Structure formats: structure tokens, C-alpha cells
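A.B. asks: need a 3D model of the following:
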Amino acid sequence: MHMDSRDRNNKGYRGSFTRSFFFAFEGLLFVLRTERNIKFHLVIALMMIGLSLYFDITKVEWMILFLVIGGMFVIEIINTAIENVVDLVTEEFHPLAKTAKDVAASAALVFACISVIIGVILFGPYIMGYL
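C.D. replies: Numbering: from 1, shown residues only. Just a heads-up that it's a prediction; the model follows:
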């Protein structure tokens, strides 16, 4: 059986390394255009970067900050992917579909809570020293 290599939905599709970046960028743009939560996280991330510039944080603190920001974006992107796959599989209400979506969303909630705690630990001393 011949598989059309131009159709990226074929299971045998491998495509070029460069095209895989294009598809990944397409996915990122989709999430940025359609997901309210990712926009909220983007605003918070920009505020935290601004705060970091103001307080002149250390290199290690920058690494922690970017790991937390990146982690939050990755989890939101995966959450969106899971929600879309569930919607693709069933349009009707199904308890397992609800559970899958709720569990994916809970991962984002847990990481967001951890991010707040890390933010308090990271910025708390700077803010207290400023007061």
C-alpha cells in the first residue's frame, strides 16, 4: 500500500525535520489564538519577567523562573491537546471523557499552585527587602 508522504495525518508520514517545526509552530499559534488560560499565563509570565528585571535576579533564579514559565506553558498545551482529542473521540457526554478533561485540567491547576509557591519563595525576599 502506498502512503502519500505529503499527508501528515498518515501514520507512515515522517516529513522533514524543518516541516516538523512548522507544524509545532502551527500548534503553538492555535493554542495562543484559542485558549484563554494560555493568554492569562502569558500576561503573568511577562509580569514576572518584568519583576525579575527590576530586582536584577541571579542566573539561577532566572533558570528557575524560565523552567516554571515553560512548564506552565507545556502543561497548558498538553491540556489543550487532550481536550481536543477527547472532543474528537466523542461529542456526547461521557463520564470518562469528563474525567480525562478534568484530570488534564487538574495537572495545570497543580502546576499553577506550585508556580505561585515558587514565585513567593523567589520574589519574597526581594519584595521584603524593598519595603
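
A.B. asks: quick check: buried residues in the helix or strand encompassing residue 128?
C.D. replies: Here residue 128 sits within helix 95-130, counting by DSSP states H and E. Within helix 95-130, the residues that count as buried by 16 or more other Cβ atoms under 10 Å are 97, 100, 101, 104, 105, 108, 111, 112, 115, 119, 122, 123. For glycine as for every other residue, the C-beta is placed from the backbone atoms N, C-alpha and C.

A.B. asks: could you measure from the second one over to residue 34?
C.D. replies: Spatial separation of residue 100 from residue 34 under the definition Cβ to Cβ, to the nearest Å is 19 Å.

A.B. asks: hang on, the earlier thing: show me what the helix holding residue 128 is packed against.
C.D. replies: helix 36-55, helix 59-89 (3 or more Cβ pairs under 8 Å, 6 or more residues apart in numbering; DSSP states H and E).

A.B. asks: mind putting those into JSON lines with distance to residue 18 and mean neighbour count?
C.D. replies: What follows is these, written out as JSON lines (distance: least, Cβ to Cβ, whole Å; neighbours: other Cβ atoms under 10 Å):
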{"stretch": "helix 36-55", "distance to residue 18": "25", "mean neighbour count": "14"}
{"stretch": "helix 59-89", "distance to residue 18": "21", "mean neighbour count": "15"}
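
A.B. asks: could you dump these to a markdown table with distance to residue 26?
C.D. replies: Output for these, formatted as a markdown table (distance: least, Cβ to Cβ, whole Å):
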| stretch | distance to residue 26 |
| --- | --- |
| helix 36-55 | 15 |
| helix 59-89 | 12 |
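
A.B. asks: for the most centrally placed residue in the chain, give me its contacts.
C.D. replies: Centroid-nearest residue in the chain, with Cα atoms, centre = their mean: residue 73, separated by 2.1 Å. Listed by Cβ atoms under 8 Å, 6 or more residues apart in numbering, the contact partners of residue 73 are 38, 41, 45.
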